[in-house]
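J.: using only what follows, build the 3D model:
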Amino acid sequence: MSEQFDFEKSMMRLSEIIAEIESEGNSLDISLGLYKEGMALASDCTEKLAAVEKEVIMLSINTEGTVEKRAFHPEADDEL
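T.: This is a model prediction of the structure:
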């Protein structure tokens, strides 16, 4: 993933790729190229989300009534 990775632009391009693949009239080679581009973008977006997730810190109030920092764990959302 490059230093200049733009998550929002990548997601917009993924939407465009999906629309292009779903439209009729593309050759197999064009569709395959679009698929490969989309998979690379999806992988980059997944890496970016994982990196950001590690940086997110949640502030919560503990049982003593003081604010504490803790790492964000999306699988723990069910507990909130």
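
J.: when you work out contacts or count neighbours from here on, use the C-alpha atoms and nothing else.
T.: Will do.

J.: isn't residue 14 right up against residue 38?
T.: Yes - using C-alpha atoms under 8 Å, residue 14 and residue 38 qualify as a contacting pair, with a distance of 5.8 Å.

J.: what pLDDT does residue 31 get?
T.: The predicted local distance difference test score for residue 31 is 94.

J.: surely it and residue 19 touch.
T.: No - under the contact definition of C-alpha under 8 Å, residue 31 does not touch residue 19, with a separation of 11.0 Å.

J.: between the two, which one's more packed in?
T.: residue 31 (18 against 11; other C-alpha atoms under 10 Å).

J.: mind checking the SS state of that one?
T.: Three-state assignment for residue 31 (DSSP: H, G, I helix; E, B strand; the rest coil): helix.

J.: skip the chain neighbours and tell me the closest residue to it.
T.: Spatial nearest neighbour of residue 31, chain neighbours left out: residue 21 (5.8 Å); criterion: C-alpha to C-alpha, 6 or more residues apart in numbering.

J.: roughly how far apart are residue 38 and residue 52?
T.: With distances defined as C-alpha to C-alpha, to the nearest Å, the gap from residue 38 to residue 52 amounts to 21 Å.

J.: who's more crowded, the two?
T.: Neighbours per residue (other C-alpha under 10 Å) separate residue 38 from residue 52, with residue 38 holding more: 20 against 10.
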